[in-house]
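[1] Fold the following.
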Amino acid sequence: GFGDKPAVLVVDLQRGFTEPGFAMGGAPLIERAVENTARLLDVARSADVPVAKCVMAYEHKREQPHWKVGACHDLILGRPECEIDPRVHDSDYDMTIVKNGPSIFFQTPVITYLVRERVDTVIVTGCVTSGCVRASVVDSFQYGFRTIVPEDCVGDHDARPHHDNLRDVGRRYADITDADTMIERIAEWRKRNAC
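    I've put the predicted structure just below:
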C-alpha cells in the first residue's frame, strides 16, 4: 500500500539499455518503461517527490563482477552506454548515482537519501525486470519500505522473465500496479499535503 511519503527510484534507464544502437538496447518492453517512467517522473517532480536514479558502470573491466551477460562488459564510465536516457533525466532535481551491483541500494547512498527525506514508500521503475529491478525491489522490502512496481514502468528484453519476476515479487515483496495508478496516487498525495 501507499504510505505517508513516496519516492521514485529509476534503475538503469541508461542509453546502453534504452537505445537500439547498443547490444542490449531497443527492447520494446524497455522502451515502454522509459516512456511511462518519463510521464510518472513529470508528475512526481512537480509534486516534490524525491527521485533517485542510477546507472550501472565501472571505471575499468577489472572492477566488474563475473557477469554472465557479455554486453555488460561494455559498461565503462565515460562510454555512451552509461549515460542516462535524457527522457528521464533532470540533473537539477534528481539524485543520480553510479552503482556496480544489481540493486540500486547495494553499497550506495540511496538508503541515506531516502531516510533523510522521510520516505516510507518506494516506487521502483527501470530495467531489467528480471535483474536489477528485482534486486532493487527485494532490497527495498528488506529495508522496510512499502514497495510498489508499476508494471509498465519496468522492462526486460523478453516478456516471459518480465512477467515471471513481477509475479514472484508481487507474491512477497511489492504491490504491482501501473503508471496511471501511480500518477493518480501522487496527485492525491500532493493535494493532501498541500493542506
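[2] Please report the distance of the spatially closest residue to V51 that is not a sequence neighbour from D4.
    In this structure, V51 finds its nearest non-sequential neighbour in D94, 4.4 Å apart by CB to CB, 6 or more residues apart in numbering. Any C-beta I mention is one placed from the backbone N, CA and C, and that applies to glycine too. As judged by CB to CB, to the nearest Å, D94 and D4 stand 21 Å apart.
[3] Pick out whichever of these two has more residues nearby.
    Per other CB atoms under 10 Å, whichever of D94 and D4 has more neighbours is D94, with 19 against 12.
[4] Need the distance between the two termini of stretch 140-150.
    15 Å (CA to CA, to the nearest Å).
[5] Could I get the buried residue list for it?
    140-141, 145-150 (16 or more other CB atoms under 10 Å).
[6] Export those residues as TSV, with columns for distance to V98.
    Listed next are these as TSV, based on distance: CB to CB, whole Å:
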residue	distance to V98
S140	19
F141	23
F145	22
R146	26
T147	23
I148	25
V149	23
P150	24
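[7] so who does Y143 touch?
    Neighbour list for Y143: 105, 111 [criterion: CB atoms under 8 Å, 6 or more residues apart in numbering].
[8] Can you report how many residues lie near A33?
    Count around A33 with other CB under 10 Å applied: 32.
[9] packing partners for the helix or strand hosting it?
    Per DSSP states H and E: A33 is located in helix 28-46. Judged by 3 or more CB pairs under 8 Å, 6 or more residues apart in numbering; DSSP states H and E, the packing partners of helix 28-46 are strand 6-11, helix 15-18, strand 51-56, strand 121-127, strand 154-155, helix 179-194.
[10] now the third one, how far from the centre of its chain.
    Per CA atoms, centre = their mean, to the nearest Å, the displacement of strand 51-56 from the mean C-alpha position of its chain is 7 Å.
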